[in-house]
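[1] after the sequence you'll find the predicted model.
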Amino acid sequence: MDLRTRINTSIKQAMRDKDSARLSTLRLINAAIKDRDIAARGDGNEDGVGDEEVLGILGKMVKQRKDTAKTYEEAGRLDLSERELSEIGVIEEFLPRKLSDDEVAGAVDAAVVETGASSIRDMGRVMGALKAKYNGQMDFGAVGPMVKDRLSNV
C-alpha cells in the first residue's frame, strides 16, 4: 500500500475513533503533501509527487517538530513540547524503520565505495547516494560529519 493510501486510511480511522489530536496531525501531513502536489503540477508533473518525495516531506516535518519541541522545552512550555513530540510519533508511523548506528556506518562505507569517493570534495556525491537510498531511514544532519570524517581518512 502506498503512503498516500495509508495516510488516508489513517485519517478515516482517526475520524471513526474521534481521536482529534491524531486526526489533526494526519490532516497536516495530507495538507503538506497536497501543497507539494500543487507545486509539482506547476512544474508540469500532473501526477503529483511520489512516495520518495512524500518521505522527504515527512522527514522534514519530523525535523521541524523536533526543533520546535526543543524551543518550547527551553522556554518552559512543556505542554506545547509534549504536543509536538506526540505529533512526531504520528508522523514517524509512516516513515521506514530508522537504521542503527552500526547500519548507518555500514551504509556510509558502502556509499563511499559505490561512488568511488576519494576526498572530501566527493562528499556531495556520497550524501546524494545516501539520500537516494536511505531517505527517511537516517538523520542526515548526523550522517554528514560521519561522511566527512570517513572521507578525510581515505
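    Structure's in. What do you need?
[2] please make it C-alpha for all contacts and neighbour counts, starting now.
    Fine.
[3] ok, residue 125 - contacts?
    The neighbours of residue 125, taking C-alpha atoms under 8 Å, 6 or more residues apart in numbering as the test, are 115, 117.
[4] what do you get for the one 5 residues further on?
    Taking C-alpha under 8 Å, 6+ apart, we find residue 130 in contact with 107, 108, 111.
[5] tell me the SS of the closest residue to residue 95 other than its chain neighbours?
    Once its chain neighbours are removed from consideration, residue 95 has its nearest residue in residue 136; the separation is 6.0 Å (C-alpha to C-alpha, 6 or more residues apart in numbering). Classification of residue 136 using DSSP: H, G, I helix; E, B strand; the rest coil returns coil.
[6] residue 136 - how many residues pack around it?
    Number of residues near residue 136 (other C-alpha atoms under 10 Å) recorded here: 25.
[7] count the neighbours of the nearest residue to residue 115 once chain neighbours are set aside for me.
    Closest residue to residue 115 apart from its sequence neighbours, by C-alpha to C-alpha, 6+ apart: residue 126 at 6.4 Å. The number of residues packed around residue 126, counting by other C-alpha under 10 Å, is 26.
[8] need the pLDDT of residue 126.
    pLDDT recorded at residue 126 is 89.
[9] show me what contacts it?
    Residue 126 is in contact with 108, 111, 112, 115, 117, 147, counting by C-alpha under 8 Å, 6+ apart.
[10] now do residue 148
    Residues touching residue 148, when contacts are defined by C-alpha under 8 Å, 6+ apart, comprise 120, 123.
[11] could you look up the SS state of it?
    Each residue gets one of three states, and residue 148 gets helix by three-state DSSP.
[12] same check on residue 47?
    For residue 47, the reduced secondary structure class is coil; criterion used: three-state DSSP.
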